[in-house]
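Trainee: Following is a predicted model, sequence given first.
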Amino acid sequence: MHRYKSLSEMLAAVADQAGKHAGYRFVDTGESPLVPFCVLALEARQAAAWLQKQGLRKGERVIVILPTSRDFAAAFYGAVLCGAVPCVLPPPTLGVATDGVERIQKVAERIGAQRLIARGENLTAWLPSLPTVQGHAVEGLASGDEKEWKPVTVLASDLAYIQATSGSTGTPKCVALTHSNLLSNLEQIGRALRFTERDVLVGWLPLFHDMGLIGCFLLTAYWQFTGVLMSPYRFLRNPLSFLKAISTHGGTASGNPTFAYALMTKRVRDEDLAGLNLSTWNKALCGSEPVSQETLEGFSEKFRSCGFPPHSFVPCYGLAEASLAVTMHALGEPLSSEWIDRTALANGFAEPQATADERKGLRITNCGAPVEGSGVEVRTETGALQPEGAIGHIWVAGPSVMQGYCPAESPSASILRDGWLNTGDLGYLRNGKLFVTGRHKDLIIIRGQKWRPTDFELAAAEVSLGRVVAFGVEQAETGTEGLCVLCEEPRSSDPERKELLDRVHRHVTTKTGVIPTYVRFVPRNSLPHTTSGKPQRSQAKQMFLTEML
């Protein structure tokens, strides 16, 4: 499924074969000149030589905490050239209160990491709390002599990377991926999207997230085209900067979660559309969280005047345990979805509605067929195969599926069976295409009807401008769950706050037909979320019940 044996072999081949216009542009650093892959390979060898002098050996696990930058490329590829196993983590400042340095220490203990590559000033601040970790300042990597680098033999079956999951339903897990896992998925994604050396990928997703590292950083190198990369801070502060990068550099590809398309639709003003050219963007991927066709249609309508191609969206389904992508919508085909009757849904079957009715139905987006070489099955809780249209647990198999979690005694066996992975997600198949209905742990059941939290969160977000989390709370007096919607409070006066709460309550009720039991404001930045921005609903529910919010 892949053309290289290892990431180090990939880097060497790309440096030798890629055209002069292929490489990375890091747009947060001034004029963002192109850094060709041949130059990056040289800097990676320098870094590897320096790291080997510091004692880094094949198989060692190395935590990397650096922003999207040329320094990151040198550190990551330098560790790979040593045969080491990097694990990219977010800086503590990106975490919520329970994260931070403690999270780094937890991950270091789980994967057995004894080294950390970061900026010198950060090492000074973090290392006192990480007594078992040795720090290496990224500033020293450039002082290595590439001629002193000693090449390391790496097999396709060797461990290549450890991905700390975002932990949307609990404590982050550490996914062990081999070189073959990563390279197989890079090949699968590129074939599905029909990449050529003329493509230009523009990405803002953080490199500690699988969509950022695999779907932007590594994908660019594997297929030997140009990657224009910016920091997540820049995008979140000013979503227009991302669209300008696509317009300026002729971006053809980019992947974003649903919330990012909603953010750009809301935050980019109509007067800012003049001069934007999005006509080259023919691969607009959407994944990482439930795909809302309504949100994508709103984005398409907003930016139609900028030339955004109407059929460029590619809804996807994937997870870190399968490297990244499992299914992808066919490139160039229009979006498609189904309205599913809620009563039938409660009985475990996806019965299409004749007409769209938000109160009685649920709109599910088609996330496409499995990528070449992978398979998807829908099973019951006992593992029996479900027929087409029956809702059940999504299982996946293929060359990109992980070897297990770190440490080895983690509960990998309970989700891996004969090469198949239980994703923990629910969905159904129709004509070979996957429709995802939600996470098993997050479903809200109100009077026998099953609801996805995103049904209420998307409705509330149309009124509220901050983060929103929805979950079910058991009601002893009614014998069913009540709906709780938490919104981060706005920067406004009390009368406006009261009016906004009423609007959220009315809008959720009107749109879904469910009257929320609780609609509450909580302090800004207090709702727990993962490092990739996904809501941690079970944690928010526990905080609500214990009045911690």
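Mentor: Structure's in. What do you need?
Trainee: Just the C-alpha atoms of the longest helix along the chain, please, in PDB.
Mentor: Looking across the chain with DSSP state H, the single longest helix is helix 494-512. The C-alpha atoms that make up helix 494-512 are tabulated as PDB, following Å, rounded to 0.1, in the frame of the first residue of the first chain:
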ATOM      1  CA  ASP A 494     -27.100  41.200  32.600                       C
ATOM      2  CA  PRO A 495     -30.300  42.100  30.600                       C
ATOM      3  CA  GLU A 496     -28.600  41.000  27.400                       C
ATOM      4  CA  ARG A 497     -27.400  37.800  29.000                       C
ATOM      5  CA  LYS A 498     -31.000  36.900  30.100                       C
ATOM      6  CA  GLU A 499     -32.300  37.600  26.700                       C
ATOM      7  CA  LEU A 500     -29.600  35.400  25.100                       C
ATOM      8  CA  LEU A 501     -30.500  32.500  27.400                       C
ATOM      9  CA  ASP A 502     -34.100  32.800  26.400                       C
ATOM     10  CA  ARG A 503     -33.100  32.900  22.700                       C
ATOM     11  CA  VAL A 504     -31.000  29.800  23.100                       C
ATOM     12  CA  HIS A 505     -33.900  28.000  24.900                       C
ATOM     13  CA  ARG A 506     -36.400  29.000  22.200                       C
ATOM     14  CA  HIS A 507     -34.100  28.200  19.300                       C
ATOM     15  CA  VAL A 508     -33.100  24.700  20.600                       C
ATOM     16  CA  THR A 509     -36.800  24.000  21.200                       C
ATOM     17  CA  THR A 510     -38.000  25.200  17.800                       C
ATOM     18  CA  LYS A 511     -35.300  23.500  15.900                       C
ATOM     19  CA  THR A 512     -35.400  20.100  17.600                       C
END
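Trainee: what's the least confident helix or strand in the chain, going by average pLDDT?
Mentor: Within the chain, confidence by mean pLDDT, DSSP states H and E is lowest for strand 449-451 among all helices and strands, at a mean of 66.
Trainee: relative to helix 494-512, how tilted is the helix or strand following that one?
Mentor: Heading C-terminal from strand 449-451, the first helix or strand you meet, by DSSP states H and E, is helix 453-461. Comparing the axes of helix 453-461 and helix 494-512 via axes from the mean of the first three to the mean of the last three CA atoms, to 10 degrees yields an angle of 140 degrees.
Trainee: May I see the buried residues of helix 453-461?
Mentor: Of all the residues in helix 453-461, those buried under the rule 16 or more other CB atoms under 10 Å are 453, 454, 455, 456, 457, 458, 459, 460, 461. Glycine gets a C-beta too; all of them are placed from N, C-alpha and C.
Trainee: List the residues that contact the third one.
Mentor: The one in question is residue 455. 362, 470, 512 (CB atoms under 8 Å, 6 or more residues apart in numbering).
Trainee: at 6 Å what do you get?
Mentor: Residue 455 makes contact with residue 512, according to CB atoms under 6 Å, 6 or more residues apart in numbering.
Trainee: what's the pLDDT at it?
Mentor: Residue 455 is assigned 78 on the pLDDT scale.
Trainee: Next, work out how far apart it and residue 470 are.
Mentor: The gap separating residue 455 from residue 470 is 8 Å, by CB to CB, to the nearest Å.
Trainee: What of the last one?
Mentor: Remark: distance between residue 461 and residue 470 (CB to CB) = 10 Å.
Trainee: same check, this time on the fourth one
Mentor: Going from residue 456 to residue 470 by CB to CB gives 4 Å.
Trainee: joint contacts of these two?
Mentor: Taking CB under 6 Å, 6+ apart as the criterion, residue 456 and residue 470 both touch residue 485.
Trainee: Please enumerate the strands of the stretch 151-300 of the chain.
Mentor: Listed in chain order, the strands of the stretch 151-300 of the chain (DSSP state E, counting those that start in this stretch) span 159-164, 174-178, 200-203, 226-229, 253-256, 283-286.
Trainee: okay if I get these as CSV plus mean neighbour count, distance to residue 41 and mean pLDDT?
Mentor: Putting the strands of the stretch 151-300 of the chain into CSV (neighbours: other CB atoms under 10 Å; distance: least, CB to CB, whole Å; pLDDT from 0 to 100) gives the following:
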stretch, mean neighbour count, distance to residue 41, mean pLDDT
strand 159-164, 24, 17, 95
strand 174-178, 23, 22, 95
strand 200-203, 26, 19, 97
strand 226-229, 25, 15, 96
strand 253-256, 25, 23, 95
strand 283-286, 24, 26, 96
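Trainee: want to throw the ones you listed into JSON lines with distance to residue 137?
Mentor: What follows is the strands of the stretch 151-300 of the chain, written out as JSON lines (distance: least, CB to CB, whole Å):
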{"stretch": "strand 159-164", "distance to residue 137": "22"}
{"stretch": "strand 174-178", "distance to residue 137": "25"}
{"stretch": "strand 200-203", "distance to residue 137": "26"}
{"stretch": "strand 226-229", "distance to residue 137": "22"}
{"stretch": "strand 253-256", "distance to residue 137": "32"}
{"stretch": "strand 283-286", "distance to residue 137": "35"}
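Trainee: can you tell which of the ones you listed is closest to residue 67?
Mentor: strand 226-229 (10.2 Å; CB to CB).
Trainee: List the contacts of stretch 213-228.
Mentor: Residues contacting stretch 213-228 (CB under 6 Å, 6+ apart): 14, 18, 22, 24-25, 27, 186, 190, 195, 197, 199-203, 207, 245, 249, 255, 324.
Trainee: Buried only: go through those for me.
Mentor: 14, 18, 22, 24-25, 27, 186, 190, 195, 199-203, 207, 245, 249, 255, 324.
Trainee: Which of the residues you listed fall within helices?
Mentor: Using DSSP H, those in helices are 14, 186, 190, 245, 249.
Trainee: Which of the three states applies to residue 437?
Mentor: Following DSSP: H, G, I helix; E, B strand; the rest coil, residue 437 is assigned to strand.
Trainee: That one: neighbouring residues, count only.
Mentor: For residue 437, the count of nearby residues is 21 (other CB atoms under 10 Å).
Trainee: same deal with residue 55?
Mentor: Neighbours of residue 55 (other CB under 10 Å): 10.
Trainee: what are the pairing partners of the strand ranked longest in the chain, and which direction each?
Mentor: Under DSSP state E, the strand in the chain containing the largest number of residues is strand 420-430. Taking DSSP bridges as the criterion, strand 420-430 forms sheet pairs with strand 392-397 (antiparallel), strand 416-417 (antiparallel), strand 433-439 (antiparallel).
Trainee: Show the pLDDT at residue 315.
Mentor: The model reports residue 315 with a pLDDT of 96.
Trainee: That one contacts residue 286, correct?
Mentor: Yes - using CB atoms under 6 Å, residue 315 and residue 286 qualify as a contacting pair, with a distance of 5.2 Å.
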